[in-house]
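1. My questions are about this predicted structure, shown below with the sequence.
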Amino acid sequence: MAKEIQAIERTWVITSTAYFKCRIDRREQLKVHCIDATHLLTRTRRKCCRGGLDNSSKISWLNVAKTGKTMLTPIMVEEITDPMSSSMAASHFSKEVEREMRLLEDEKNC
């Protein structure tokens with residue numbers, strides 16, 4: 001019990017890779033934050049579609065979507081259809097999309 005109380009008294013306590021507690025100074029209360037894998041996946045998809053990730057742009061995904069060879073469609077990239085959908089995010093980062101993106105990049109460099 002004493003060890004648990006000491007852990008709670010610290011400002012930041014990492015309890016796992018996805019959950020952590022922090023003290024809210026104004027109210028002297030603890031707040032538990034949780035960021036699950038699905039949430040991270042959908043947030044990454046939205047970031048990729050809005051402005052691109054480091055060293056990439058949404059144009060790469062749009063080019064793949066326009067080929068029609070994957071589950072990715074142009075509207076999924078341009079309009080960010082159903083932004084919290086984990087299945088759309090999974091198709092956005094699928095092996096098929098990656099493979100097609102690499103093929104298109106190779107053709108561009110030839």
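-> Looks like it came in fine. Numbering: from 1, shown residues only.

2. contacts and neighbour counts: CA atoms only from here.
-> Will do.

3. Give me the neighbour count for residue 64.
-> Residue 64 has 25 neighbours, counted by other CA atoms under 10 Å.

4. Ramachandran angles for it?
-> Here is the backbone geometry of residue 64 (degrees, to the nearest 10): phi -60, psi -40.

5. continuing past the host helix or strand of residue 76, what's the next helix or strand?
-> Following DSSP states H and E, one finds residue 76 within helix 74-78. On the C-terminal side of helix 74-78, the closest following helix or strand by DSSP H and E is helix 86-92.

6. and that next one, what does it pack onto?
-> Contacts defined by 3 or more CA pairs under 8 Å, 6 or more residues apart in numbering; DSSP states H and E place helix 86-92 against helix 37-50.

7. what residues does the helix it packs on touch?
-> 53, 57-58, 77-78, 80, 83-86, 89-90, 92 (CA atoms under 8 Å, 6 or more residues apart in numbering).
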